[in-house]
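> Below is the sequence, then the predicted model.
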Amino acid sequence: MVDRRLQVFYTVAKVLSFTKAAETLHMTQPAVTFQVKQLEEQFNTRLFDRTHNKISLTEAGKIVYGYAENILELYERMYNEVLEITGEVSGSLLIGASTTIAEYMLPCLLGAFKQQFPEVNIRLQVGNTDAIVTMVENNLVDLGLVEAPVYNKNLEVEVCRIDEMVLAVPPDHPLVSRKEVSVEEIRRYEYITREEGSGTRAVIDQYLKEQGMSYSDLDVVLELGSPEAIKMAIEAGVGIAIVSRTTLRKELKLGTLKAIPLNPPLTRPFSHVRQKHKFRNNAVVELLNFAVDYCKQRAIEEGFSVPELEAVQQAMRKGG
């Protein structure tokens, strides 16, 4: 019922990019431009200034943006209050997830959620942790799931799972028989890393600092943008890498890679991230509750107790 033109305009105004808005809305860029142009024709004024490949809101655009934000939130509240009366859980969810979570955790979680709530339509945006946090900050997704600590006080962060990081090596590597390995030993070998902005990279960088080392101390031969690419490079003998044990299930089963625990151990939280004061529709609430229960069960299966998980949650709330 909400004017589609207003929804499109609001998204463009949020990200100040027709291209990014088109990606978020799963539309073509010409379709986004057309919707905004129609709204400008209705008001008989420009809503965006377009200069040097950049856009900004005009004075009229700022007025429309303020009202659009209120209109869209009121519509969502109205829709969900009616659903509460009927007891129905439906609607659309836009989730942002960092790469590791999107590839290795969410398929099973969302599959189980959809079996219980088939009327909920879920769309997924994938990016590194920095990109997902930015999406949450800009209200471009209903919920973010990230793999590195988030200390933005304006966001609500809830740890849902503990993930162990290990050293991944090919079966014929000199370290393969070791029961554990230190970063001092890792620096002797060619190393493959994730890109800057990745949650995995941030966690490992912090771990190196705690061991009195830095990223520059490693013999980095390759920087890649996904866990799959890193695993393929390790199998090809390019180097070794610290990765999430969660990403290695298939390779460990097939014997194409080996996982060596780190000394001292390295774990990290997988967390839900959302705006503190944003209105939550029924579908978001049900997904959050479902995800918390799902992740606690998986934590127990993988050897982490619920008290351990809750201890990390408390530390995150305190910013520690």
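Alright, I've got the coordinates.

> switch to C-alpha atoms for all contacts and neighbour counts from now on
Noted.

> need the contact list for residue 69.
residue 10 (Cα atoms under 8 Å, 6 or more residues apart in numbering).

> how far away is it from residue 46?
19 Å (Cα to Cα, to the nearest Å).

> from what I can see residue 10 touches residue 68, true?
Yes: contact criterion Cα atoms under 8 Å: residue 10 and residue 68 qualify, at 6.5 Å.

> Okay, now the unreliable bits of the stretch 51-200 of the chain?
80, 83-91 (pLDDT under 70).

> Could you say which helix or strand holds the closest residue to residue 222 other than its chain neighbours?
The shortest distance from residue 222 to any non-neighbouring residue, by Cα to Cα, 6 or more residues apart in numbering, is to residue 192 (4.9 Å). According to DSSP states H and E, residue 192 maps onto strand 190-194.

> So which bits of that strand are buried?
190, 191, 192, 193, 194 (16 or more other Cα atoms under 10 Å).

> ditto for stretch 257-271
257, 258, 259, 260, 261, 262, 266, 267, 268, 269, 270, 271.

> List the contacts of the fourth one.
Read it as residue 260. 166, 167, 168, 169, 176, 178, 179, 180, 181.

> Is the second one part of a helix or strand, or is it coil?
Residue 167 carries the three-state label strand when classified by DSSP: H, G, I helix; E, B strand; the rest coil.

> And the helix or strand containing residue 8, what does it pack against?
If you go by DSSP H and E, residue 8 is part of helix 4-15. Applying 3 or more Cα pairs under 8 Å, 6 or more residues apart in numbering; DSSP states H and E, one finds that helix 4-15 contacts helix 18-25, helix 29-43, helix 59-86.

> Does anything pack onto the shortest one? Which helices or strands?
Put plainly, it is helix 18-25. helix 4-15, helix 29-43.

> what does it contact?
Contacts of helix 18-25 (Cα under 8 Å, 6+ apart): 8, 11, 12, 15, 28, 29, 32, 33, 125, 140.

> Please apply the same query to stretch 197-212.
98, 128-131, 146-148, 183, 193-196, 214-215, 242-243, 266, 268.

> how close does residue 77 get to residue 114?
In terms of Cα to Cα, residue 77 sits 23 Å off from residue 114.

> what does residue 198 give?
28 Å.

> the more surrounded of these two?
residue 198 (23 against 15; other Cα atoms under 10 Å).

> tell me which residues in the helix or strand hosting residue 201 are buried?
Per DSSP H and E, residue 201 falls inside helix 199-210. Under the neighbour-count criterion of 16+ other Cα under 10 Å, helix 199-210 has 199, 200, 201, 202, 203, 204, 207, 208 buried.

> quick one on the thing from earlier: residue 10 and residue 68 - which one has more neighbours?
Neighbour count, other Cα under 10 Å: between residue 10 and residue 68, residue 10 has more, with 22 against 17.

> how far away is that one from residue 247?
Distance from residue 10 to residue 247, by Cα to Cα: 37 Å.

> same deal with residue 110?
Distance from residue 110 to residue 247, by Cα to Cα: 17 Å.
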